[in-house]
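# Fold the following and give me the result.
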Amino acid sequence: MLTELRNKLQIKHYLHYNKSIDETSIDTPINTFYKRLYSNRYNIYDIIPKNKIREEIDHLDAISHAIPDVSEIMIQSYNDNVVSTFRKIEESGFWTEKGPEYTRYNLFTSTGRPSNSNKGTNYAALNKEDGTRSKYISRHQGGILAEFDYDAYHLRLIAELIGVKQPEGSFHRYLGALYFDTDSLTDEQYNDSKKLSFQILYGGIPKEFLHIDYFKKTNEYIFKLWDIYNSKGYIETPILKRRFYKRNFKDMNPQKLFNYFIQAFETEKNSESLKNILAMLENKFSKMVLYVYDAFVFDISSDDGKEILKEIKKLMVYPTKLKIGRDYHNMRSLDL
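Residues are numbered from 1 along each chain as shown. Model (predicted):
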């Protein structure tokens, strides 16, 4: 009950102010005491003495009443579709030889794109080069880690929003062919294409690229959002209709607003597929253990067989690349 009340308070604050509530402001002394005493425990609320529960509830209720009204339907929707989904991933733990580490997703960032740090480890940016990832292994005897990575995820999200048909193959190669006017990209041109696409999308679209239909429609979409933001005082995310209120942001501009909007869409779109994947895994031995925006990491049990990888792939919304390995550092590509 306390976990649910705390989640709803955080969501209510977030939906109204577009930022997270200060955690220390909602912690009572007993709460702080148990967090320190059981720092390695995922959930402390099931061990707080019953005679202190009422004190916790009254404290959370008082803070909630001080926040202006937010639709209960919106609060419940965000809880069911986003918060509960990511909490399930946290509960799975990310295994090491010393046992599980627990990720902590901050779902209440200004953009809606969760950060993920706990006890000094930034799980959203684990170093790929220095061997840091090698400590993370499967919990299962004979198990593997599997990472599904979307191809050009943001480019595809934008294509969905603006109504442009997506290529079945690499999106970067598709755009690179338009940049360099060739059907056969060199490796250098492919890498340049990736860099150029993100520079254009997140730094503003130069006039010389507006002849490309994808960028022409993206540019129109950016300024359409900006007009709505200024006329209504807010814009709504495509799926859950969460609002970015103009009153809560300083120094906003069309490109920055679009970047926020895409990151929010990314989280909501992923939450839809994550719910389906987690439901499918409910009676399996395999677990989802890490979310890194355009990549999902799973701890795969041999008892579930190779078929589980195919089932996961079917539930991913766009084309993905798959890597597997005995640990998170030593991964190799696998075609299903």
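# So for the one helix or strand Phe215 maps to, what gets flagged as buried?
Taking DSSP states H and E as the definition, one finds Phe215 inside helix 213-232. Buried residues in helix 213-232, counted by 16 or more other CB atoms under 10 Å: 214-215, 217-219, 221-222, 225-226, 229. Quick note: C-beta positions are derived from backbone N, CA and C, even for glycine.
# out of these, what pair is the most spread apart?
Taking CB to CB as the measure, the buried residues of helix 213-232 span a maximum distance of 22.7 Å, between Tyr214 and Tyr229.
# Moving C-terminal from the lowest-mean-pLDDT helix or strand in the chain, which element do we reach first?
Taking mean pLDDT, DSSP states H and E as the measure, helix 29-37 is the helix or strand of the chain with the lowest mean score, a mean of 66. Downstream of helix 29-37, the first helix or strand assigned by DSSP H and E is helix 50-65.
# That next one - what's its average pLDDT?
For helix 50-65, mean pLDDT is 79.
# Residues contacting the helix or strand that that helix is followed by, please?
Downstream of helix 50-65, the next assigned helix or strand under DSSP H and E is helix 72-78. Outside of helix 72-78, the residues within contact range by CB atoms under 8 Å, 6 or more residues apart in numbering are 8, 11-12, 14-15, 240-242.
# Looking at those, which is nearest Asp61?
Nearest to Asp61, judged by CB to CB, of these is Lys8 at 10.5 Å.
# what number of residues lie near Phe244?
Phe244 is flanked by 22 other residues according to other CB atoms under 10 Å.
# can you map out the helices along the stretch 101-250 of the chain?
Counting by DSSP state H, counting those that start in this stretch, residue ranges of the helices within the stretch 101-250 of the chain are 153-162, 171-180, 187-203, 213-232.
# Between the ones you listed, which one is closest to Glu307.
helix 153-162 (25.3 Å).
# TSV for the helices of the stretch 101-250 of the chain, including mean pLDDT?
Output for the helices of the stretch 101-250 of the chain, formatted as TSV (pLDDT from 0 to 100):
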stretch	mean pLDDT
helix 153-162	96
helix 171-180	93
helix 187-203	90
helix 213-232	96
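# can you tell me which helix in this structure is longest?
Criterion DSSP state H: the longest helix present in the chain is helix 254-281.
# sorry, back to before: and the contacts of helix 72-78, which are buried?
Listed as buried from the contacts of helix 72-78 are 8, 11-12, 14-15, 240, 242; burial here means 16+ other CB under 10 Å.
# Include distance to Ile300, pLDDT and secondary structure when you put those residues into a markdown table, please.
Shown next, in a markdown table, are the buried ones among the contacts of helix 72-78 (distance: CB to CB, whole Å; pLDDT from 0 to 100; DSSP: H, G, I helix; E, B strand; the rest coil):
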| residue | distance to Ile300 | pLDDT | secondary structure |
| --- | --- | --- | --- |
| Lys8 | 34 | 91 | helix |
| Ile11 | 32 | 96 | helix |
| Lys12 | 37 | 96 | helix |
| Tyr14 | 34 | 97 | helix |
| Leu15 | 36 | 97 | helix |
| Leu240 | 30 | 97 | coil |
| Arg242 | 33 | 97 | coil |
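# Dump those to a markdown table, plus distance to Met316.
Shown next, in a markdown table, are the buried ones among the contacts of helix 72-78 (distance: CB to CB, whole Å):
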| residue | distance to Met316 |
| --- | --- |
| Lys8 | 30 |
| Ile11 | 27 |
| Lys12 | 32 |
| Tyr14 | 27 |
| Leu15 | 28 |
| Leu240 | 20 |
| Arg242 | 23 |
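# of the residues you listed, closest to Ser286?
Within the buried ones among the contacts of helix 72-78, the smallest distance to Ser286 is 27.8 Å, found for Leu240 (CB to CB).
# Please consider this matter closed, and thank you.
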